[in-house]
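Peer 1: quick one: sequence plus predicted model below, questions after.
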Amino acid sequence: MDEIEGGILSAIPPAALTLDLTRAAIRMEHSQTWRIDKSNPVDDLVICLEGRGHYLVDGEPRVMEPGDAMLISRGQHFIGWNEGPETYLGVAQHFTLDIYGRHNLIEQMDLVPKLRLARWALLEPLARHYRQSAPPSSVTLGQHHLFMVLLIAFIEDAFIGWRDHATYQPEGADAIDLAVMKAATMISANPLDPDIATKAVETSPYNRDYFLREFQKRVTRTPRKYQELKRMERAMHFLEAGLSVSSAAAEVGYADPYYFSRMFKRTLGLSPRDHMKRVRQSRDGELMHLDEPEQALALAEGIPATGED
């Protein structure tokens, strides 16, 4: 089964991130006569839809084929061309992604610069729509949201780790916020590693006791309990994908499904079977004709949802 929910950015509060599309999307449609030689002052995500594109990025050769995504970081010099008779079709977007309003988040990460998107079958229609709907000289709210989905997908696939030496050194609250965020994303990405909570704390540049207090203050859980939450969230995805309770338990490292069910309920507040009952109610539309307070009551009482518009 495919890996579920990498979660590299899931631990970052949305309000802490600022995504800026610095120009209209580039609707690439390049023949053999196309050639580019430049560098950009911002980051650039390139996605190939058809054909092949050849690049030298700071002297490193890269070949783009359908389903490939490539990050060209700000300041990198790149040359691009099309060698074959087929049109090289794709989309490119210049952007910045800042954290806490002033620090480049991309520069904090070690990322594979070019790869095939793991969920390309799902993302290809979105990428094509993004290209087709892009206005020629402006950025819309819809474009902004669509690009965030594509960018998150790339980061989830490309993430290697956090860089030890950032291009800036935050201070005060920014510094501890960033350290907690990095620890939480380490745990989110690897919740099945039995030592990940310890590793996440040890990578922090702070005193252990102080960091544990600050982590709990911001995340509302200790690193170990946060790991267990992420482990159970992964189990939820397996259950929703159709696995039995015992199979989902085994996928997240529990040999005893009964113990898994107890831990699931302790962490999430309901048993695996109750969780799936709620999922089925939602999927079957049993709740959609109720207003929000009545939905909550029906879910809490576990009764069939009936009512009027």
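Peer 2: Perfect, I can see it now.

Peer 1: what's the helix or strand where residue 177 lies packed up against?
Peer 2: Using DSSP states H and E, residue 177 sits in helix 172-189. Judged by 3 or more C-beta pairs under 8 Å, 6 or more residues apart in numbering; DSSP states H and E, helix 172-189 is in contact with strand 159-162, helix 196-202, helix 208-219, helix 223-240. From N, CA and C alone the C-beta is placed, and that goes for glycine too.

Peer 1: mind redoing it with 6 Å?
Peer 2: helix 196-202, helix 208-219, helix 223-240 (3 or more C-beta pairs under 6 Å, 6 or more residues apart in numbering; DSSP states H and E).

Peer 1: quick check: buried residues in the following helix or strand past the last one?
Peer 2: The first helix or strand that comes after helix 223-240 along the chain, using DSSP H and E, is helix 245-251. Of the residues in helix 245-251, those buried under the neighbour-count criterion (16 or more other C-beta atoms under 10 Å) are 245-246, 248-251.

Peer 1: give me the contacts around the strand or helix carrying residue 115.
Peer 2: Here residue 115, judged by DSSP H and E, is contained in strand 114-116. The contact list for strand 114-116 (C-beta atoms under 6 Å, 6 or more residues apart in numbering) reads 62, 67-68, 70, 157-158.

Peer 1: what do you get if the cut-off is 8 Å, keeping everything else the same?
Peer 2: Outside strand 114-116, the residues within contact range by C-beta atoms under 8 Å, 6 or more residues apart in numbering are 62, 64-65, 67-71, 154, 157-158.

Peer 1: could you do stretch 246-253 as well?
Peer 2: Against stretch 246-253 from outside (C-beta under 8 Å, 6+ apart): 1, 191-192, 194, 231-232, 234-235, 238-239, 243, 255-257, 260-261, 272.

Peer 1: can you do 10 Å?
Peer 2: Contacts with stretch 246-253, where a contact means C-beta atoms under 10 Å, 6 or more residues apart in numbering, come from 1, 4, 191-194, 228, 230-244, 254-261, 263-264, 272, 276.

Peer 1: may I see the PyMOL selection of the buried members of those residues?
Peer 2: Selection of the buried residues among the contacts of stretch 246-253 in PyMOL, burial being defined by 16+ other C-beta under 10 Å:
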select buried, resi 191+193+228+230+231+232+233+234+235+236+238+239+243+254+257+260+261+263+264+272+276
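
Peer 1: can you verify residue 45 is assigned to a helix?
Peer 2: No: applying DSSP: H, G, I helix; E, B strand; the rest coil, one finds residue 45 to be strand, outside a helix.

Peer 1: run through the bridge partners of it.
Peer 2: residue 71, residue 93 (DSSP bridges).

Peer 1: residue contacts, it?
Peer 2: Here residue 45 is in contact with 69-72, 91-95, 106, 147, 150-151, 154-155 (criterion: C-beta under 10 Å, 6+ apart).
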